[in-house]
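Colleague: Sequence and predicted structure below; questions after.
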Amino acid sequence: MVNGRANYGQNSGVSPTPNANGKLTADIDMSAHNWIPIGSSGVAYTGTFDGNGHVLTGMKNNASKFYKLGQNVVVYPGMFGKVGNGGVVKNIFVLESDFRAK
């Protein structure tokens with residue numbers, strides 16, 4: 001929603017919703033997936049994300065492979081690519097994860 005994608009990895013023309021709120025209700029293992037960061041250079045996250053004390057493990061992304069237009073990085077590596085004014089990320093633990101940009 002934040003990045004304007006209705007489905008993982010597909011830009012379907014959905015309008016970005018940078019102020020969407022989220023709250024985790026369980027621990028999540030992301031090791032089988034490549035993570036697309038929430039927010040980018042064009043859309044900063046301005047909602048509230050509450051990890052509710054839960055743990056995300058195995059998150060990985062490779063900004064040099066998936067998120068460049070020419071030589072410019074358009075999505076920064078991390079769970080959140082860009083958090084704007086008013087955006088809140090709290091109560092989350094990210095373990096055993098790998099974020100890269102070249």
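Modeller: Structure's in. What do you need?

Colleague: can you pull out the helices in this structure?
Modeller: Counting by DSSP state H, residue ranges of the helices within the chain are 63-66.

Colleague: for this protein, longest strand please?
Modeller: Of all the segments of type strand in the chain, defined by DSSP state E, the longest one is strand 48-57.

Colleague: who does that one pair up with?
Modeller: Sheet pairing of strand 48-57 (DSSP bridges) gives strand 22-23 (parallel), strand 28-29 (parallel), strand 88-95 (parallel).

Colleague: got the CA positions of the longest one in PDB?
Modeller: Presented in PDB, the C-alpha positions along strand 88-95 are these (Å, rounded to 0.1, in the frame of the first residue of the first chain):
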ATOM      1  CA  VAL A  88       6.700   6.300  13.500                       C
ATOM      2  CA  VAL A  89       8.400   2.900  13.700                       C
ATOM      3  CA  LYS A  90       8.400   1.300  17.100                       C
ATOM      4  CA  ASN A  91       8.500  -1.900  19.200                       C
ATOM      5  CA  ILE A  92      10.100  -4.100  16.500                       C
ATOM      6  CA  PHE A  93      13.100  -6.400  16.600                       C
ATOM      7  CA  VAL A  94      14.900  -7.200  13.300                       C
ATOM      8  CA  LEU A  95      17.300 -10.100  13.600                       C
END
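
Colleague: So which bits of that strand are buried?
Modeller: Buried residues in strand 88-95, counted by 16 or more other Cβ atoms under 10 Å: Val89, Ile92. The C-beta positions use only the backbone N, C-alpha and C, and glycine is treated the same way.
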